[in-house]
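Visitor: I would like the atomic coordinates for the input below:
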Amino acid sequence: MKILVTDDSKMARKMVIKTLTENIEGDLEIFEAQNGQEALDLYKEISPKIVFLDLTMPIMDGFTALEKIKEFDENAKVVIISADIQKLSMDRVLQLGAFNFVKKPIDSSKMKQIFEKLNGKS
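Guide: Numbering: from 1, shown residues only. Below you'll find the predicted structure:
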């Protein structure tokens, strides 16, 4: 399964990847992007099953990246992982078609819930 993890913080990406590899079984192919533009370009190239996306990044923020990914593939599964938990931000990403919204840092139980939802088990 191809997974794209996008965050301008290398440490944040590593934490998401660690939570993924500890909780999700199966063959995971994990790709990393440092900003929304990289995420969009990689998405078009690799068609991941799921994208984890930060909101606050240089070059292209998560809002714009989410919008452009959904324009490219309306069925894209994009999970926003952000410290910005303002209701306005949450509402906006859900309106743009986010699959889920998680407050940083993501924990094991939330990661499992996301993949259960992704695989139609909840």
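
Visitor: what's stretch 30-38 in contact with?
Guide: Residues from elsewhere that reach stretch 30-38 (Cβ atoms under 8 Å, 6 or more residues apart in numbering): 2-8, 13, 17, 20-21, 39, 41-42, 46, 48, 53, 57-62, 64-65, 68. Glycine gets a C-beta too; all of them are placed from N, C-alpha and C.

Visitor: out of the residues you listed, which sit inside strands?
Guide: Counted as lying in strands by DSSP state E, out of those, are 2-6, 53.

Visitor: top of those by number of neighbours, please.
Guide: residue 6 (30 neighbours; other Cβ atoms under 10 Å).

Visitor: report the beta-bridge partner residues of the residue nearest the centre of the chain.
Guide: Closest residue to the average C-alpha location of the chain: residue 52 at 1.3 Å, with Cα atoms, centre = their mean. With DSSP bridges as the criterion, residue 52 is bridged to residue 5, residue 79.
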